[in-house]
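**Q** quick one, fold the following:
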Amino acid sequence: MTGRRTPRRQAAQAEGIGLLVVAVVGLSVVVAVFQWLAAHPWVLVLLAVLAAGAVAAWGHWRRQRAGWERVREQGLRYQLSHLDALHHREFEYAVRDLMRRDGCTDAVQVGGRGDNGADVKATDPLGRRWVIQCKHRRAGWSGSAVGTPDLHVLNGTGRQLHGGDVVVLVTNGRFSKQCPPYAKSQRLHLVDRHLLGEWAAGSRPLWEILNRLPPPRKPSALS
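**A** Now for the predicted structure:
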């Protein structure tokens with residue numbers, strides 16, 4: 001048994017010696033580098049300048065990218081044919097981007113399983129909280145009409161659960177004839193294909209297109 005363990009001990013000793021040699025060599029290299037840098041301080045200055053330049057370039061690139069993104073959002077336009085071709089989840093993101101374009105910097109897409117009737121949330125420049133449900137129809141106006149059951153869900157959650165001041169249902173299609181009177185009675189807002197086309201074309205923000213909106217939560221620049 002002793003003979004069988006000896007090679008293992010020898011291997012362990014050899015490994016320990018190897019690690020010690022590596023550590024000594026590494027320490028010697030580090031010491032040599034520090035000594036060389038101490039003798040050539042201009043190298044440290046050069047490295048500091050390069051590092052500062054790299055940080056400044058990275059910050060400039062970030063600012064440029066943010067600026068390009070703002071320009072893209074402000075110039076965003078959609079044709080109805082483009083919106084029709086989107087997947088329903090992409091349609092929600094398109095609505096989010098339109099809200100951002102018009103000044104809702106906090107607009108987010110929240111649709112998905114368990115969204116409780118909200119697909120997009122945003123705060124407009126006047127401080128009002130928007131809760132938007134999106135209903136996409138691949139066939140556009142020719143697709144099935146959005147009915148009151150969807151409005152019932154939105155009405156039950158838009159204000160109570162999501163805290164919306166303006167509760168909206170947006171579709172690239174149409175609404176059933178029962179929807180407008182129900183929406184009016186419950187202070188809900190409907191955006192059908194025609195209103196969506198006007199909004200997506202970039203003529204005016206949605207709060208200038210819709211009627212009967214609640215008052216601003218904060219003073220406007222024109223008040």
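**Q** how distant is the host helix or strand of S28 from the center of its chain?
**A** Counting by DSSP states H and E, the secondary-structure element that holds S28 is helix 2-39. Distance of helix 2-39 from the chain centroid (C-alpha atoms, centre = their mean, to the nearest Å) equals 51 Å.
**Q** mean confidence for that helix?
**A** Average pLDDT, helix 2-39: 77.
**Q** show residues contacting stretch 206-221.
**A** Residues from elsewhere that reach stretch 206-221, judged by C-beta atoms under 8 Å, 6 or more residues apart in numbering: 98-99, 102, 124-128, 165-166, 168, 184, 187, 189, 191, 195, 198-199, 223. All C-beta atoms are positioned from the backbone trio N, CA, C, and that covers glycine.
**Q** run the last query once more with 10 Å
**A** Stretch 206-221 is contacted from outside by 95, 98-99, 102-104, 122-130, 132, 164-166, 168, 170, 184, 187, 189-191, 195-196, 198-200, 203, 223, using C-beta atoms under 10 Å, 6 or more residues apart in numbering.
**Q** got a PyMOL select line for the buried ones in those residues?
**A** The PyMOL selection below is limited to those of the contacts of stretch 206-221 classed as buried (16 or more other C-beta atoms under 10 Å):
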select buried, resi 95+98+99+102+103+104+122+123+124+126+128+129+130+132+164+165+166+168+170+189+190+191+195+196+199+200
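**Q** strands - which of the contacts of stretch 206-221 land there?
**A** Mapping these onto strands (DSSP state E) picks out A122, T123, R129, W130, I132, V166, V168, V170, H189, L190, V191.
**Q** kindly reformat those residues as TSV containing pLDDT and distance to G16.
**A** Formatted as TSV, those follow (pLDDT from 0 to 100; distance: C-beta to C-beta, whole Å):
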residue	pLDDT	distance to G16
A122	97	64
T123	97	65
R129	97	67
W130	98	68
I132	98	68
V166	98	73
V168	98	72
V170	98	71
H189	98	77
L190	98	79
V191	98	75
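**Q** could you dump these to JSON lines with distance to P7?
**A** Output for the ones in strands among the contacts of stretch 206-221, formatted as JSON lines (distance: C-beta to C-beta, whole Å):
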{"residue": "A122", "distance to P7": "72"}
{"residue": "T123", "distance to P7": "73"}
{"residue": "R129", "distance to P7": "75"}
{"residue": "W130", "distance to P7": "76"}
{"residue": "I132", "distance to P7": "74"}
{"residue": "V166", "distance to P7": "80"}
{"residue": "V168", "distance to P7": "79"}
{"residue": "V170", "distance to P7": "77"}
{"residue": "H189", "distance to P7": "83"}
{"residue": "L190", "distance to P7": "84"}
{"residue": "V191", "distance to P7": "81"}
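**Q** okay then, goodbye and thanks.
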